[in-house]
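Colleague: predicted model follows, preceded by the sequence.
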Amino acid sequence: TRLTRADLDALPAYVAGRNVADVARELGLAEAIKLASNEVPFGPLPGVAEAIAEAVTQSHRYPDAGSVALRDKLAGWLDVDADRIVTGGGSVALAEHLVKATCLPGDEVVYSWRSFEAYPIIAAGVGATSVRVPNTAAHGHDLPAMADAITDRTRLVIVCNPNNPTGTSSRKDELDRFLDAVPDDTLVVLDEAYREFVTDADVPDGLRAYGDRPNVVVLRTLSKAWGLAGLRVGYLVAQPEVAGAIRKVLTPFSTSMVAQAAALAALDQEAEVRRRCAIVVDERARVTEAIRKIFPDVPASQSNFVWLPLGDRAAAFGAACEQRGVIVRPFQGDGVRVTIGTPEENDTFLAVAEKAAI
Ligand code: PMP
């Protein structure tokens, strides 16, 4: 007898970055470095640890289910009404809730490929059909083809900008045309997990540029630039009716008390976040230039990682880096994603890459 859905057998599991200590131990190295999960390498923001310690004194209580204080703070900071904001246990949880709130079994979710690995998993979770539109030769979203892929079964389109794992970004003029082409009854999610690292003025802030459109949802996270990956806090901004529908399918209490407190403290540190992002952006330019001497086809990145389009050599290159104590993220057949770390970590990666490339 079968107790779980047969269609899940064919679904690839989400592969998380390996733990640094495990890899170091396995290799007998004093230490390894992890450039595999697009984390920011500077540690928690000032004030976050203290806020967590304080919150934990109430850990026998349930958190505020509506994340009222956090939503109010985000609302003030983003200059939108709090009823347009939904928080969740990471933006990936919110993406999952968005699929739940839009799709019935057999409905279609359109996204580019390759893009964030969680999209096929969350679509399959509700029995929706994934429609993957291949990236352009330049590794970016093919927005005209994505618009063409929309059918009357399409309930959701996910635009990942900048795109994980390729780091490429869609420009305002392309997005304008794309959004104009999307039918009114299809929801578009702009997944802006890496928005804080964008420096190209032609790559729009989805909230400012498109937040007033009824069928646009902007998805953001505190996991990357804000350094809270381990605590799981994301948020989305949608029109109030859409936000209300998403709230109905939320797992109750999924933004924990500690996560809410940490997020409130982190949001007081905008200047420090900007300072940290500027370091990442400088290092991104340096790593891109250096790595292009080995792999000339590395696309320009607007995020905190670079993409090495190595195709069938991806797994071997990833393994060769890991052997030398640098954990990167290979996607066999496609490429290798390398997170920007501290300047020292990046130097180590560049030295290792030269050897691993042989
Ligand atoms: N969207 C994109 C594009 C991502 O790359 C990630 C993290 N890898 C997420 C969403 C999810 O991040 P989190 O759940 O930590 O907010």
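Modeller: That came through, no problem.
Colleague: run a quick neighbour tally on the residue of the stretch 251-358 of the chain found nearest the ligand.
Modeller: Proximity of the stretch 251-358 of the chain to the ligand (C-beta to the nearest ligand atom) peaks at Ser303, 8.3 Å away. (Glycine included, C-beta is placed from N, CA and C.) When neighbours are defined as other C-beta atoms under 10 Å, Ser303 has 30 of them.
Colleague: that one: what secondary structure?
Modeller: Here Ser303 is recorded as coil under DSSP: H, G, I helix; E, B strand; the rest coil.
Colleague: surely it meets Gly167?
Modeller: Yes: using C-beta atoms under 8 Å, Ser303 is in contact with Gly167, at 4.8 Å.
Colleague: re the thing from before, the residue of the stretch 251-358 of the chain closest to the ligand and Thr288: what is the separation?
Modeller: Relative to Thr288, Ser303 is positioned 11 Å away (C-beta to C-beta, to the nearest Å).
Colleague: excluding sequence neighbours, find me the nearest residue to whatever residue of the stretch 1-150 of the chain ends up closest to the ligand.
Modeller: Closest residue of the stretch 1-150 of the chain to the ligand, C-beta to the nearest ligand atom: Gly90 (2.7 Å). Nearest residue to Gly90 in three dimensions, chain neighbours excluded: Arg232, at 4.2 Å (C-beta to C-beta, 6 or more residues apart in numbering).
Colleague: what about that neighbour, distance to Asp9?
Modeller: 28 Å.
Colleague: show me which of those two is the more surrounded one.
Modeller: Legend: neighbour count by other C-beta under 10 Å for Arg232 and Asp9, higher for Arg232 (22 against 8).
Colleague: need the contact list for that one.
Modeller: Shown in contact with Arg232 (C-beta atoms under 8 Å, 6 or more residues apart in numbering): 89-90, 93, 223, 255-256, 259.
Colleague: now do the phi/psi pair for it.
Modeller: phi 70, psi 80 (degrees, to the nearest 10).
Colleague: now for the contacts of Arg232, which pair is the farthest apart?
Modeller: Using C-beta to C-beta, the two most remote members of the contacts of Arg232 are Ser223 and Ser256, lying 14.1 Å apart.
Colleague: neighbour count: these two, which is higher?
Modeller: The neighbour comparison of Ser223 against Ser256 (other C-beta under 10 Å) goes to Ser223, with 22 against 17.
Colleague: pretty sure the more buried one sits against Gly90.
Modeller: Yes: judged on C-beta under 8 Å, Ser223 makes contact with Gly90 at a distance of 6.3 Å.
Colleague: shared neighbours of the two, anything?
Modeller: Taking C-beta under 8 Å, 6+ apart as the criterion, Ser223 and Gly90 both touch 232-234.
Colleague: let me know the closest of these to Ala16.
Modeller: After measuring those against Ala16 - C-beta to C-beta - the closest member comes out as Arg232, at 13.2 Å.
Colleague: so for that closest one, what's the pLDDT?
Modeller: Note on Arg232: pLDDT of 97.
Colleague: ok, the one 5 residues further on next?
Modeller: Per-residue confidence for Val237 comes out at a pLDDT of 98.
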